[in-house]
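Q: Fold the stuff below for me.
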Amino acid sequence: MSTILIIEDEARIAGFIGKGLKAAGFTSHATASGAEGATLAVHGNFDLVILDVGLPDIDGFEVLERIRGQGVAVPVIMLTARSSVADRVAGLESGADDYMPKPFSFEELLARIRLRLRSEAQPAGQSATQLSHNGLVLDFRTRKAQVDGTWVDLSAREFTLAETFLRNPGQVLSREQLLSNVWGFDFDPGSNVVDVYVRYLRGKLGKDRFETVRGMGYRLV
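A: Down below sits the predicted model:
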């Protein structure tokens, strides 16, 4: 399981990212301090760093310089409200692997994280381009599903929702976890969109694969 360091001083955003990462099968640690984050990135055992630029002590560019200055090659995704071309170029030239402006969709952030961690994030026995469980296969190259040998087309949301289930087989996932993971930062907690899309998946991939756990959420059986 990959562990991700979140260096972000806005508690709401850091908590949202952490919750989404947990739902997606990652572990994470958050800090609001740039100096502490740089030390953790250098000496900790992290697989990826999500780094905000506007931090209260030292900015993200200096944090990145400290990390790279120690010869640490951990992947870094800069997540910031600074979205000018000059800032993006500065981040990438300082050694960032990716640069994503706020506001953001967690679905897109997760896709970028997995792009950097594709080999590490795959469960044991899986290929780098597929996930499988109990006769169900997701192929990342074609963005299609295979059910007992038959290929099935999925929409982008359906594919991401199915991927979330396949990365957490047997685990009960709450509607809130699925909303934040698939629909992003500005989701409506009162929406029934999760129930609608689980129904879509049941229709395409098999109604008995997705179990409703009353009062808790859904589980891939």
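Q: Can you tell me the closest non-neighbouring residue to Lys166?
A: Just so we're on the same page, residue 166 is Leu rather than Lys. Nearest non-adjacent residue to Leu166, counting by C-beta to C-beta, 6 or more residues apart in numbering: Leu131, 4.5 Å away. Using the backbone N, CA and C atoms, a C-beta is placed for each residue, glycine as well.
Q: so where does the most centrally placed residue in the chain fall, helix or strand?
A: The centre of the chain sits closest to Leu110, judged by C-alpha atoms, centre = their mean, with a distance of 2.7 Å. Using DSSP states H and E, Leu110 sits within helix 106-116.
Q: One more: Glu158?
A: Under the assignment here (DSSP H and E), Glu158 is part of helix 156-166.
Q: can you check Thr39 too?
A: Going by DSSP H and E, Thr39 is in helix 34-43.
Q: Which strands and helices lie in contact with that helix?
A: Where contact means 3 or more C-beta pairs under 8 Å, 6 or more residues apart in numbering; DSSP states H and E, helix 34-43 is packed against strand 3-7, strand 27-31, strand 48-51, helix 60-69.
Q: Tell me which of these sits most buried.
A: Counting by mean count of other C-beta atoms under 10 Å, strand 48-51 has the highest mean neighbour count of these, with a mean of 27.
Q: got the contact list for Gly217?
A: Going by C-beta atoms under 8 Å, 6 or more residues apart in numbering, Gly217 touches Val172, Leu173, Ser174, Arg175, Gln177, Leu178.
Q: wouldn't the fifth one be in contact with Gly18 here?
A: No: the criterion here is C-beta atoms under 8 Å, and Gln177 misses it with Gly18 at 11.6 Å.
Q: which residue packs closest to Arg66, ignoring adjacent ones?
A: Distance criterion C-beta to C-beta, 6+ apart; nearest residue to Arg66, sequence neighbours excluded, is Ala38 at 4.1 Å.
Q: per-residue pLDDT, the one you found?
A: pLDDT recorded at Ala38 is 96.
Q: Kindly report the same for Gly44.
A: pLDDT, Gly44: 90.
Q: Surely it touches Leu5?
A: Yes: between Gly44 and Leu5 there is a contact at 6.7 Å, judged by C-beta under 8 Å.
Q: shared neighbours of these two, which are they?
A: In contact with both Gly44 and Leu5: His29, using C-beta under 8 Å, 6+ apart.
Q: and the residue nearest to Glu10 when sequence neighbours are not counted, what is it in contact with?
A: Nearest residue to Glu10, sequence neighbours excluded (C-beta to C-beta, 6+ apart): Asp52, at 7.5 Å. The contact partners of Asp52, taken as C-beta under 8 Å, 6+ apart, are Ile7, Glu8, Asp9, Glu10, Gly60, Met78, Leu79, Thr80.
Q: Go again with 6 Å.
A: Contact analysis of Asp52 by C-beta atoms under 6 Å, 6 or more residues apart in numbering lists Glu8, Gly60, Leu79, Thr80.
Q: For those residues, pick the one with the most neighbours.
A: Using other C-beta atoms under 10 Å as the neighbour criterion, Gly60 leads those with 27 neighbours.
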